[in-house]
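# Requesting a structural model of the entry that follows:
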Amino acid sequence: MFEQLVSKLPVGIGIVDEQFNVVYLNDFFLDRLPHELRKNYKEQPVTDLFKGQGKFLQRRLKSVFVLQHPSFSYWEQRPHIFPFKSSRPITGEETQMYQNMEIIPIKDNSSGRKLACIFLQDVTAQASYFRAQQKLSQALKKEHAEQRKLIRKLDTAQSQLIQAEKMASTGQLAAGIAHEINNPIGFVTANLDTLSQYATHLLSICDGVESQITHFTEEMQEQIQSLYDSNHYALLKDDITELIDESSEGLTRVRDIVENLKNFSLETAEGYQTIEVCTVAKQLITLISAQYAKPEYKFECAHEKLEVIGDPGTLKQALMNVMVNSAQAIEDKGFIKLSIVEHDNDVSFKILDSGCGIEQKNLKRIFEPFFTTKPEGQGQGLGLSVAYTAIEKHNGKVSISSKEGKGTVVQITIPKYPAQNVQQEEDSASEQPEQENL
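Below is the predicted model of the structure:
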C-alpha cells in the first residue's frame, strides 16, 4: 500500500545512486518519459534520461553525496529543471512546468548504499499567480503615475512635450545612477580578478602537495589525505573556477548594460549634432534586451560608421518607442530585426517584429495621441505619437504595415542633413518666448 501511495503521489519522486543511475521513479516521472524508456529506466544515468539539465543535476547530486546535506532549487532561480509540461485544470492548456526541486541524501539500511531522493513539485499555478500579481502591481503603479500626470496636463493636449520632458529627466537620472553603479562594479571586478588568482595559487599548492604525497611518511600521508577528504577538496577544485568565471561574466554583462544606459541617456550638447546611428542602434538593442529578454534581436547595418545630423534625444526616443512596442507585442518566443540602410540623401530604419500584429481598423489611428489598444493602466497611447512627431521634426517619414497574428514592420526615413529652415527654426525658437498654440 505504501509503495502504491508513493507511486501515485502528485509530486515527482526519484531515487539515484552515487553513480547517478536511477534506482526508482514514481508515476509522476514515468508518465513523462518516452514510452520506450518507461520499462527500462532503471540503472540508466539520470543525466541521460533528462539531458537538458544534465550538468546542473550532476553538480547538485554530487554536492548532496559529498556533503550529505539536502539541496534545494526553487522556480525563481531555475524555472524548468526537467522538460515537463503542465496542464491548466480549467482550460487544459499546456505550458512549460515551473518546478521546485529538493534532493535529500538517504541510505539503504540493508546494503548501506548511499542514495539521493529527488522530490519534484509542480508549482506552475503558484508561479503563474505570483507573476500575474507582479504584473498587476506594476500595472497599478504605472496607472497611478500616469493618472497623476494626465490630470495635470490633459487640458493642454501637448502629449509630445510632456513625454519629452519626462524622458529628459529620466535620462539624466539614469545616467547619474549608471555612473554611481560603475564605482562598485569596478572594485568588485578587481577583487574578483584577485580572488581568481588567489584561487589558482591555492589550487596549485594543494595539487603540488598531492603530487608529492608519496614522499611523506605513512602517518603524514594519512593526515594529508584526511584533510583533503574532510574539506571536500575534489568538489572544491571542480567547482571554484566555474563559480568565479560565472560571476565574472555576470559582472561584465552588468557593466555593459550600465555603460550603454549611460551613453544612451546622457547628451552633452543640445540641438542638432552629428549622430552615429549604428552606435545608437546597438546601445538601444542592449538596453531593450535587458528588460525584454524573450525576443531574439537581430541587427543589420551596411556601414559600421554611418552618421546623420539631427537631434539625438528625440531620434533616440522615437526609435526606443517603436522598439519597445515591438518587444511588448511578443508574448513568447519571436524576433525583432532592426535594419539600417543608407541612401543618397537619407537613412532608413526598418524595425520588423514577429509579434501579435495590429488590426487593420487600428492602423489609421496608431499615431494618434492617447490612442492605445493595451489594457487600461498599461499604456497611455503616447509612444508612437511622440515617435511620429520626432521624425516629423527631422523632416522624415514613418510608415507602418502589419498583419494580425504575423507581425509588424515600421520604416522610419530621415534625411542625412536637416533642411536649413529646420535649423533656423530651432535657433529662432531658442531666442523668442514661447507662444500658445491656438
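
# Can you report how many residues lie near the residue nearest to residue 360 when sequence neighbours are not counted?
Excluding the flanking residues, the one nearest residue 360 by Cβ to Cβ, 6 or more residues apart in numbering is residue 404, at 7.5 Å. Backbone N, C-alpha and C define where each C-beta goes, glycine included. Taking other Cβ atoms under 10 Å as the criterion, the count of residues near residue 404 is 12.

# same check, this time on the one 5 residues further on
By the measure other Cβ under 10 Å, the count of residues near residue 409 is 15.

# From residue 412, how far off is the spatially most central residue of the chain?
The residue lying closest to the centre of the chain (Cα atoms, centre = their mean) is residue 293, at 3.9 Å. Residue 293 is 25 Å from residue 412, where distance means Cβ to Cβ, to the nearest Å.

# got the contact list for the residue nearest to residue 360?
356-360 (Cβ atoms under 8 Å, 6 or more residues apart in numbering).

# Relative to residue 66, how far out is the nearest residue to residue 69 once chain neighbours are set aside?
Leaving aside its sequence neighbours, residue 69 sits nearest to residue 105 (Cβ to Cβ, 6+ apart; 7.1 Å). Distance, residue 105 to residue 66, by Cβ to Cβ: 10 Å.

# Mind telling me what element residue 147 is part of?
helix 124-153 (DSSP states H and E).

# Farthest pair within the contacts of residue 404?
Maximum pairwise distance in the contacts of residue 404, criterion Cβ to Cβ, is 13.6 Å, between 356 and 360.

# For those two, indicate the residue with more neighbours.
Applying other Cβ under 10 Å to residue 356 and residue 360 shows that residue 356 carries more neighbours, namely 18 against 10.

# doesn't that one fall inside a strand?
No - counting by DSSP: H, G, I helix; E, B strand; the rest coil, one finds residue 356 to be coil, located in no strand.

# pLDDT at it, what is it?
On the pLDDT scale, residue 356 is placed at 89.

# Could you list the domains of the protein?
The chain breaks down by automatic domain parsing into domains covering 2-122, 156-266, 270-430.

# Of those domains, flag the one that's most buried.
domain 270-430 (a mean of 17; mean count of other Cβ atoms under 10 Å).

# sorry, back to before: check the secondary structure at the residue nearest to the centre of the chain for me.
coil.

# now the one 10 residues further on
Three-state assignment for residue 303 (three-state DSSP): coil.

# That one and residue 401, how far apart?
Distance, residue 303 to residue 401, by Cβ to Cβ: 26 Å.

# Need phi/psi at residue 354.
Here is the backbone geometry of residue 354 (degrees, to the nearest 10): phi -110, psi 30.

# I misspoke; the intended subject was residue 318.
phi -60, psi -50.

# That one contacts residue 385, correct?
No - with contact defined as Cβ atoms under 8 Å, residue 318 does not count as touching residue 385 (10.5 Å).

# any low-confidence regions in this structure?
Across the chain, the ranges flagged by pLDDT under 70 are 1, 88-92, 152-180, 182-183, 257-270, 369-371, 373-382, 419-438.

# can you give me the strands in it?
Along the chain, counting by DSSP state E, strands occupy 12-17, 22-25, 71-73, 85-87, 94-96, 99-107, 114-122, 273-276, 296-301, 307-310, 335-342, 346-353, 397-403, 407-415.

# angle of the first one against strand 99-107?
So the one you mean is strand 12-17. Inter-element angle recorded for strand 12-17 and strand 99-107: 40 degrees (by axes from the mean of the first three to the mean of the last three Cα atoms, to 10 degrees).

# In its sheet, which strands sit next to strand 12-17, and in what direction?
strand 22-25 (antiparallel), strand 114-122 (antiparallel) (DSSP bridges).

# Any chance of CSV for these, columns distance to residue 343?
Shown next, in CSV, are those (distance: least, Cβ to Cβ, whole Å):
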stretch, distance to residue 343
strand 22-25, 62
strand 114-122, 55
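
# circling back to that earlier point, which among the strands of the chain is found nearest to residue 35?
Using Cβ to Cβ, these put strand 22-25 closest to residue 35, at 14.2 Å.

# Need the residues that contact that closest one.
Residues contacting strand 22-25 (Cβ under 8 Å, 6+ apart): 12-17, 33, 41-46, 49, 115.

# mind redoing it with 7 Å?
The contact list for strand 22-25 (Cβ atoms under 7 Å, 6 or more residues apart in numbering) reads 14-17, 41-44, 46, 49, 115.

# repeat for stretch 189-197
244, 247-248, 251.

# Which parts of this structure are helices?
Per DSSP state H, the chain carries helices over the ranges 2-8, 27-30, 35-38, 46-49, 54-67, 124-153, 159-211, 218-230, 233-265, 277-291, 312-328, 360-363, 383-393, 420-431.

# coming back round to it: and of the contacts of strand 22-25, the nearest to residue 216?
Nearest to residue 216, judged by Cβ to Cβ, of the contacts of strand 22-25 is residue 17 at 34.2 Å.

# ok, what's across the strand from that closest one?
Beta-bridge partners of residue 17, as defined by DSSP bridges: residue 115.

# is it true that it touches residue 117?
No - counting by Cβ atoms under 7 Å, residue 17 sits too far from residue 117 to count as a contact (11.2 Å).

# if I pick the closest residue to residue 37 other than its chain neighbours, what's in contact with it?
Spatially, and ignoring its direct neighbours in sequence, residue 37 is nearest to residue 49 (6.6 Å; Cβ to Cβ, 6+ apart). Going by Cβ under 7 Å, 6+ apart, residue 49 touches 22, 33, 37, 41.

# Pretty sure residue 277 sits against residue 342.
No - look at residue 277 against residue 342 with Cβ under 7 Å: they stay out of range, at 9.2 Å.

# thinking again about what came up before, any idea which of the domains of the chain gets closest to residue 141?
That would be domain 270-430 among the domains of the chain, by Cβ to Cβ, at 9.2 Å.

# Now do residue 304 against residue 389, distance only.
Taking Cβ to Cβ as the measure, residue 304 falls 30 Å from residue 389.

# Next, the contact list for residue 18, please.
Residue 18 is in contact with 65, 114, counting by Cβ under 7 Å, 6+ apart.

# next one: phi and psi at it?
According to degrees, to the nearest 10, residue 18 has phi -70, psi -20.

# still on that earlier bit, any idea which of the contacts of stretch 189-197 is the one closest to residue 185?
Using Cβ to Cβ, those come closest to residue 185 at residue 251, 6.3 Å.

# what's the closest non-adjacent residue to the closest one?
Nearest one to residue 251, counting by Cβ to Cβ, 6+ apart, is residue 189 at 5.3 Å.

# ok, now residue 63?
Nearest one to residue 63, counting by Cβ to Cβ, 6+ apart, is residue 71 at 5.9 Å.
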